[in-house]
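> Make a model of this:
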Amino acid sequence: MAPAEVASMLQVELVWSPAAGDVRQRWLSLAPGTTLEQALRGCAEFAAADLAALKIGIWGRVRPLATLLRERDRIEVYRPLTVDPKEARRQRYRATGERIVSRHRPLAGKSSR
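Model (predicted):
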């Protein structure tokens, strides 16, 4: 590639977790105008995947596959939940017998004196 072509490429980050505790990250160089679906189809990890069945987002917000990517976007591929978060809290409470969440929230912008 010519230096001008390299300079016009988008740099985006792809993050996914195939299993609990295993987070993988990869930087991609893409042409301007690339969609979320095109970016994932170009990756070996997701080329054969059913993208419509996956939840995919950019910076923590689920987005459609036709979304155009911008410079420094963070593409996130979400795994399905294995346990309902409410049920997990109930199980932790039963095991410890203590409240997990405090009712007290610190005041925003106030320093403790």
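
> just the strands in the chain please.
Taking DSSP state E, the strands of the chain run over residues 10-19, 22-30, 55-58, 61-62, 74-78.

> Nearest approach to Q91 belongs to which of the ones you listed?
Taking Cβ to Cβ, strand 10-19 is the member of the strands of the chain nearest to Q91, at 20.6 Å. The C-beta positions use only the backbone N, C-alpha and C, and glycine is treated the same way.

> Against which helices or strands is the closest one packed?
When contacts are defined as 3 or more Cβ pairs under 8 Å, 6 or more residues apart in numbering; DSSP states H and E, strand 10-19 sits against strand 22-30, helix 36-41, strand 74-78.

> Let me have those in TSV, extended by distance to A53.
Shown next, in TSV, are the helices and strands packed on strand 10-19 (distance: least, Cβ to Cβ, whole Å):
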stretch	distance to A53
strand 22-30	19
helix 36-41	12
strand 74-78	11
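
> I'd like those laid out as JSON lines, including distance to D84, mean pLDDT and mean neighbour count.
Converted to JSON lines, the helices and strands packed on strand 10-19 look like this (distance: least, Cβ to Cβ, whole Å; pLDDT from 0 to 100; neighbours: other Cβ atoms under 10 Å):
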{"stretch": "strand 22-30", "distance to D84": "22", "mean pLDDT": "94", "mean neighbour count": "12"}
{"stretch": "helix 36-41", "distance to D84": "27", "mean pLDDT": "93", "mean neighbour count": "18"}
{"stretch": "strand 74-78", "distance to D84": "15", "mean pLDDT": "95", "mean neighbour count": "18"}
